[in-house]
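Undergrad: Sharing a model that was predicted from the sequence below.
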Amino acid sequence: MTASPIAGGADLEGFDFAVDDTTALHEILAELRAAKPYAIVPFAGKHAVLLLTHELVGAAFRDEATFPASAIYPLTTGPVLGKTLQCMSGREHRINRAIASPPFRRGEVARHVEPVLEPLAHELIDRFADHGEADLVAEFTTRYPVLVISRLLGLPVEDEDIVRRWAHDLFCYPFDPDSALAASREFTEYLTPILEHRRRNPGDDLISTLVTATAEGERLDDEQVLAFLRLLFPAGADTTMLALANTLVALLTHPDQLELVRSAPDEHVQWAIWEGLRWEPPVGLLPRICPESTTWRGIDIPASTPMIFSINAALRDPAAYPNPHRYDITRRAADMLAFGQGPHTCAGTWLALAELRTALAILLRRLPVLRIRDNATERARITSQVGTALRGPAELPVRWEVRRSST
Ligand code: HEM
């Protein structure tokens with residue numbers, strides 16, 4: 001079904017929110033928001049409603065009846081990830097989430113996951129700590145969250161490189177469908193015998209939980225487990241890697257804030273992470289669809305209109321945060337909006353936060369006098385990634401002091 005045009009025309013022309021990137025994104029969002037809490041903008045050759053304030057974006061996430069996740073995800077990820085949590089609604093969503101999410105609860109993460117995070121972070125840093133310089137995106141941020149998920153699933157250590165390739169390819173479906181579909185097939189073939197084995201011989205890993213747990217008297221079938229596992233990498237790894245890189249960029253471009261964190265890491269690391277998630281949330285411009293014609297908060301929205309939940313504009317809304325463009329860890333603002341809201345709110349929030357805190361603390365401890373390499377600030381710029389929904393730097397070339405211990 002094609003959407004009929006939104007009345008009144010666009011508030012902005014010449015910039016397509018589905019494909020275009022600009023260094024001035026935050027300025028454009030701020031200018032649009034200063035005029036109105038929402039804007040009509042070009043999106044993939046159509047017009048979309050871009051929601052810009054903290055209040056509107058939160059309300060839209062919570063209003064699953066008007067903007068159901070199940071109206072968009074079957075189109076954007078369904079062919080490659082299958083029927084994931086994001087494609088489900090009602091009882092089916094409730095049961096699948098009740099089975100899949102308990103291992104990611106705060107207490108479970110603290111008990112079972114946090115102890116593996118620190119050794120993993122050290123293991124990766126050991127590979128390059130002596131070099132004095134590295135691209136932290138290539139060497140650390142893209143590797144660490146994939147490793148964490150692989151370990152939680154109990155996948156063999158020697159398969160980590162191939163799992164990392166699948167994780168990357170699965171995510172690129174809209175841009176490279178052939179590689180994504182191939183990755184999906186290979187991943188399924190790889191996991192199917194593991195599922196069978198763990199069902200017969202359950203251990204204390206996540207796959208064993210997924211194949212044996214029940215909710216409301218129901219168990220997940222193989223395809224439901226596989227869909228969840230396929231979703232885990234794009235939802236859990238790509239977001240976390242960008243979040244970590246964005247916080248590092250924030251600290252490295254705000255030396256006073258970096259000093260503050262270094263002065264008392266136990267106190268400040270968590271706030272540096274929260275402020276990083278506010279300043280540049282990795283899921284910045286989340287697309288949805290409004291399937292039925294409606295008037296929502298005074299906005300006339302024809303059926304099938306694309307919507308964009310601008311999490312990044314909401315988190316820099318001056319009505320919610322004074323001086324919103326400044327990265328300031330002393331705000332101590334633990335804003336959950338970066339993880340969405342409502343029934344599809346992020347199932348991995350506590351895992352993500354634990355991963356981010358551990359990684360940042362250890363990176364700062366192991367890489368003293370960390371700074372962006374000379375003349376590399378432009379390369380470390382935060383840009384759109386995999387389309388425009390996600391944001392982070394493609395590279396993070398840094399230097400640090402190598403301190404040889406005297407023996
Ligand atoms: C900083 C890191 C992360 C950010 C910013 C983030 C953000 C989000 C957002 C905004 C949503 C809602 C999407 C929507 O409503 O359309 C979401 C959903 C989800 N996230 Fe995360 N996420 C992160 C890390 C993780 C991790 C580590 C996991 C691993 C378990 C995870 C698993 C999920 C799942 C399974 C969903 C779908 C939930 C559902 O549909 O019921 N995320 N995430």
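TA: Received the coordinates, thanks. From a predicted model like this one, the values you see are computed outputs, not experimental measurements.
Undergrad: Remind me which helix or strand the closest residue to D328 other than its chain neighbours belongs to.
TA: Setting aside the residues directly before and after it, D328 is nearest to E275 in space (C-beta to C-beta, 6 or more residues apart in numbering), at 6.5 Å. All C-beta spots, glycine's among them, are computed from the backbone N, C-alpha and C. Here E275 sits within helix 265-279, counting by DSSP states H and E.
Undergrad: Then W166?
TA: helix 160-171.
Undergrad: packing partners for the helix or strand harbouring T247?
TA: In this structure, T247 sits in helix 239-252 according to DSSP H and E. Using 3 or more C-beta pairs under 8 Å, 6 or more residues apart in numbering; DSSP states H and E, the elements in contact with helix 239-252 are helix 144-153, helix 255-263, helix 265-279, helix 349-366, strand 382-385, strand 390-393.
Undergrad: for the ones you listed, which one sits closest to the ligand?
TA: Closest approach to the ligand among these is made by helix 349-366 (3.6 Å; C-beta to the nearest ligand atom).
Undergrad: Now do the buried residues in the helix holding T247.
TA: Buried residues in helix 239-252, counted by 16 or more other C-beta atoms under 10 Å: 239-252.
Undergrad: Check stretch 115-123 too.
TA: For stretch 115-123, a neighbour-count test (16+ other C-beta under 10 Å) marks L117, L120, A121 as buried.
Undergrad: Among those residues, which lie within helices?
TA: In helices, judged by DSSP state H, the following of the buried residues of stretch 115-123 are found: L117, L120, A121.
Undergrad: right, and out of those residues, which lies closest to R230?
TA: L120 (22.2 Å; C-beta to C-beta).
Undergrad: any idea how far the closest one lies from Y144?
TA: L120 sits 7 Å away from Y144, going by C-beta to C-beta, to the nearest Å.
Undergrad: what's the answer for R404, then?
TA: 26 Å.
Undergrad: do A44 as well
TA: From A44 to Y144 the distance is 33 Å (C-beta to C-beta).
Undergrad: next one: I273
TA: 14 Å.
Undergrad: Ok, A243 next?
TA: Following C-beta to C-beta, the distance that separates A243 from Y144 is 11 Å.
Undergrad: could you pull out the strands for the protein?
TA: Using DSSP state E, the strands of the chain run over 38-43, 46-51, 133-135, 214-215, 218-219, 285-290, 294-296, 299-301, 305-310, 371-372, 382-385, 390-393, 397-399.
Undergrad: picking that back up, compile the buried residues of helix 239-252 into CSV and extend it with columns for pLDDT and distance to the ligand.
TA: Below are the buried residues of helix 239-252 laid out as CSV (pLDDT from 0 to 100; distance: C-beta to the nearest ligand atom, whole Å):
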residue, pLDDT, distance to the ligand
T239, 94, 3
T240, 97, 4
M241, 96, 9
L242, 97, 8
A243, 98, 4
L244, 98, 8
A245, 98, 11
N246, 98, 9
T247, 98, 10
L248, 98, 13
V249, 98, 14
A250, 98, 14
L251, 98, 16
L252, 98, 19
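Undergrad: Up against the ligand, what does the stretch 1-150 of the chain have?
TA: A69, L85, Q86, R97, F104 (C-beta under 6 Å from any ligand atom).
Undergrad: Go through the residues you listed and flag which are in helices.
TA: R97.
Undergrad: Tell me which two of the residues of the stretch 1-150 of the chain next to the ligand sit farthest apart.
TA: Farthest apart among these by C-beta to C-beta are A69 and F104. That separation is 18.1 Å.
Undergrad: Okay, buried residues for stretch 195-212 please.
TA: Going by neighbour count (16+ other C-beta under 10 Å), the buried part of stretch 195-212 is L195, R198, R199, D205, L206, I207, S208, T209, L210, V211.
Undergrad: got a list of what L286 touches?
TA: Counting by C-beta atoms under 8 Å, 6 or more residues apart in numbering, L286 touches I308, F309, I311, G340, A389.
Undergrad: Quick one, grab the pLDDT at T407.
TA: As predicted, T407 sits at a pLDDT of 45.
Undergrad: swap in R373?
TA: Looking at R373, its pLDDT is 97.
Undergrad: Same check on D20?
TA: Looking at D20, the pLDDT reads 95.
Undergrad: any low-confidence regions in the chain?
TA: For the chain, applying pLDDT under 70 flags the ranges 1-5, 405-407.
Undergrad: For it, give the residue positioned nearest to the ligand.
TA: G348 (2.0 Å).
Undergrad: any idea how far E189 is from the closest residue to R199 other than its chain neighbours?
TA: Spatial nearest neighbour of R199, excluding adjacent residues (C-beta to C-beta, 6+ apart): V211 at 4.5 Å. Using C-beta to C-beta, we find V211 at a distance of 17 Å from E189.
Undergrad: Thanks a lot, catch you later.
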